[in-house]
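A.B. asks: Based on what follows, work out the 3D shape:
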Amino acid sequence: MALKLRRLSNALGAEICDIDLAKPMSESTFGEIHNAFLQYGILLFRNQDISREQHIDFSRRFGELDDHASLPRDRHPDYPELLLVTNRPNPDGTPSESRYTGRSWHTDFSYTTQPALGSLLRCWELPEVGGDTLFANMTMAYDTLSEGMKKLIADLHGIHLSGTRKINAADAGEARRNEVMKLNPPIAQPVVRVHPETGRKAIYLGEKVKRFDGMTEEESMPLIDYLNRHATRPEFVYRHQWRKNDLLIWDNRCTLHQALGDFDETQLRHMERTTVKGTPSGHIVTA
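C.D. replies: This next block holds a predicted model:
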C-alpha cells in the first residue's frame with residue numbers, strides 16, 4: 001500500500017498521512033518513508049502520541065544517533081539521545097540553557113566534523129500562538145545561482161561556530177563560553193556540499209558562518225550575507241506551524257532552519273530532538 005502524502009509547500013516538505021509511529025512498521029513501509037525523506041527534505045507526522053523510547057527507536061531507523069556530548073547541558077537527563085529545546089526553567093529555578101536554541105538560520109551540528117544527517121523534533125508543549133520554525137531548501141538555492149557564482153564558491157570553505165544567544169549573551173559568563181569553545185572548536189566546511197545519497201549539490205552556510213577559511217571576516221561577510229539572503233528567499237522557504245504531538249524530520253544536508261521567537265515567552269514551548277549522525281565533513285580551524 002503506497003504512502004499517502006500531502007505536500008507542505010512548493011519549496012520542500014510533505015506530510016505522511018495515516019501513519020502511527022507507535023505501531024510496528026515494516027521495512028518496505030520505512031523504505032517508502034526514507035525515499036520521501038530524500039525527495040522532500042522534510043517529513044511531518046501529525047498526532048504522534050508516542051513515548052520517548054518510541055521516538056528514539058524510530059529515529060534509529062535513519063542511522064546512528066548522537067548522544068549530544070557536545071551539548072551536555074541541553075540533553076535529557078535520562079535519555080542522552082534526546083536534546084531538549086525548551087523554555088521550561090531548570091529544577092533550581094534558573095532559566096533553561098536551551099530557551100533560545102535555533103534562533104538563527106543554521107543546520108544542525110555543522111560546527112562538528114560529523115554534521116547531522118537528520119533531526120527528528122517532537123512537539124510536547126507549545127504556546128497559544130507562534131513558536132513556528134522556518135525551513136529553507138538549500139539545493140534549490142544552489143540550483144538557482146548563476147554559473148559564475150557557482151564557480152566562485154566551488155572551492156570555498158566556511159568556518160562554522162557553535163553557540164546561540166545563550167552562549168554569546170553578556171550574562172553567559174566567560175567560563176561557559178570557554179567550555180563551549182573547548183567542546184566545539186571552529187570547523188571549516190565546504191560551502192558547496194554534495195548530498196551523499198542523492199548526489200545533488202547544496203549551499204552549506206547559515207548564520208553561524210562569519211568568514212571563509214583563508215579570508216578575513218571583512219572580506220567574507222558580503223558574500224556570506226548574499227548567499228544566506230538568497231537561500232532564505234520566500235520561494236525557497238516553508239514555515240511550519242507546530243501542533244502538539246507533531247514529529248518533524250528534516251535533512252540537514254540540504255536544508256537550513258530557524259526557530260522563531262514569535263511567541264509569549266511566559267508560555268511553555270517544549271520540544272525534544274533526536275539527531276542522526278551524518279558522514280564526516282570539514283576540518284578543525286586552529287588559527
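
A.B. asks: Tell me how many other residues surround residue 85.
C.D. replies: 23 (other CB atoms under 10 Å). (Each C-beta comes from the backbone N, C-alpha and C, glycine too.)

A.B. asks: One more: residue 234?
C.D. replies: 9.

A.B. asks: any idea how far residue 42 is from it?
C.D. replies: Separation of residue 234 from residue 42 (CB to CB, to the nearest Å): 16 Å.

A.B. asks: tell me which strands and helices the host helix or strand of residue 219 is in contact with?
C.D. replies: Assessed by DSSP states H and E, residue 219 sits inside helix 217-231. Counting contacts by 3 or more CB pairs under 8 Å, 6 or more residues apart in numbering; DSSP states H and E, helix 217-231 packs against helix 138-143, helix 147-153, strand 209-212.

A.B. asks: Can you pull out the residues in contact with that helix?
C.D. replies: Under the contact criterion CB atoms under 8 Å, 6 or more residues apart in numbering, helix 217-231 has outside partners 105, 136, 138, 141, 144-145, 152-153, 158, 191, 203, 205-207, 209-212, 256.

A.B. asks: Please identify the buried residues of it?
C.D. replies: In terms of neighbour count (16 or more other CB atoms under 10 Å), helix 217-231 has its buried residues at 220, 223-224, 227-228, 230-231.

A.B. asks: that older thread, got JSON lines for the helices and strands packed on helix 217-231, with distance to residue 2, mean pLDDT and mean neighbour count too?
C.D. replies: Converted to JSON lines, the helices and strands packed on helix 217-231 look like this (distance: least, CB to CB, whole Å; pLDDT from 0 to 100; neighbours: other CB atoms under 10 Å):
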{"stretch": "helix 138-143", "distance to residue 2": "25", "mean pLDDT": "98", "mean neighbour count": "22"}
{"stretch": "helix 147-153", "distance to residue 2": "36", "mean pLDDT": "98", "mean neighbour count": "12"}
{"stretch": "strand 209-212", "distance to residue 2": "40", "mean pLDDT": "97", "mean neighbour count": "20"}
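
A.B. asks: Residue 263 is in contact with residue 129, correct?
C.D. replies: Yes: the pair residue 129 / residue 263 is scored as a contact, 6.5 Å apart, by CB atoms under 8 Å.

A.B. asks: Would you map the strands across the stretch 51-200 of the chain?
C.D. replies: With DSSP state E, counting those that start in this stretch as the criterion, the stretch 51-200 of the chain has strands at 83-86, 116-125, 133-137, 157-160, 187-190, 192-194.

A.B. asks: which neighbours does the longest one have in its sheet, and in what orientation?
C.D. replies: To tie it back to what came earlier, the one meant is strand 116-125. In the sheet, strand 116-125 lines up against strand 247-251 (antiparallel), strand 270-277 (antiparallel) (DSSP bridges).

A.B. asks: What residues sit buried inside it?
C.D. replies: Buried residues in strand 116-125, counted by 16+ other CB under 10 Å: 116-124.

A.B. asks: for these, which one is nearest residue 109?
C.D. replies: The nearest member of the buried residues of strand 116-125 to residue 109, counting by CB to CB, is residue 116 at 4.4 Å.

A.B. asks: List the contacts of the closest residue to residue 284 other than its chain neighbours.
C.D. replies: With CB to CB, 6 or more residues apart in numbering as the measure, residue 185 is the residue that lies nearest to residue 284, at 5.3 Å, once sequence neighbours are left out. Residue 185 makes contact with 284-286 under the criterion CB under 8 Å, 6+ apart.

A.B. asks: Could you list which of those residues belong to helices?
C.D. replies: Among the contacts of residue 185, DSSP state H puts none in helices.

A.B. asks: Alpha carbons only: can I get stretch 87-102 in PDB?
C.D. replies: Extracted in PDB, the C-alpha atoms of stretch 87-102 (Å, rounded to 0.1, in the frame of the first residue of the first chain):
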ATOM      1  CA  ASN A  87      12.000  27.400  27.900                       C
ATOM      2  CA  ARG A  88      10.900  25.400  31.000                       C
ATOM      3  CA  PRO A  89      13.100  26.600  33.900                       C
ATOM      4  CA  ASN A  90      15.700  24.200  35.400                       C
ATOM      5  CA  PRO A  91      14.700  22.400  38.600                       C
ATOM      6  CA  ASP A  92      16.700  25.000  40.600                       C
ATOM      7  CA  GLY A  93      14.600  27.800  39.000                       C
ATOM      8  CA  THR A  94      17.400  29.100  36.700                       C
ATOM      9  CA  PRO A  95      16.500  29.800  33.100                       C
ATOM     10  CA  SER A  96      16.700  26.900  30.600                       C
ATOM     11  CA  GLU A  97      20.000  26.700  28.700                       C
ATOM     12  CA  SER A  98      18.200  25.900  25.500                       C
ATOM     13  CA  ARG A  99      15.400  28.500  25.600                       C
ATOM     14  CA  TYR A 100      17.000  30.400  22.700                       C
ATOM     15  CA  THR A 101      18.200  27.400  20.700                       C
ATOM     16  CA  GLY A 102      18.000  27.700  17.000                       C
END
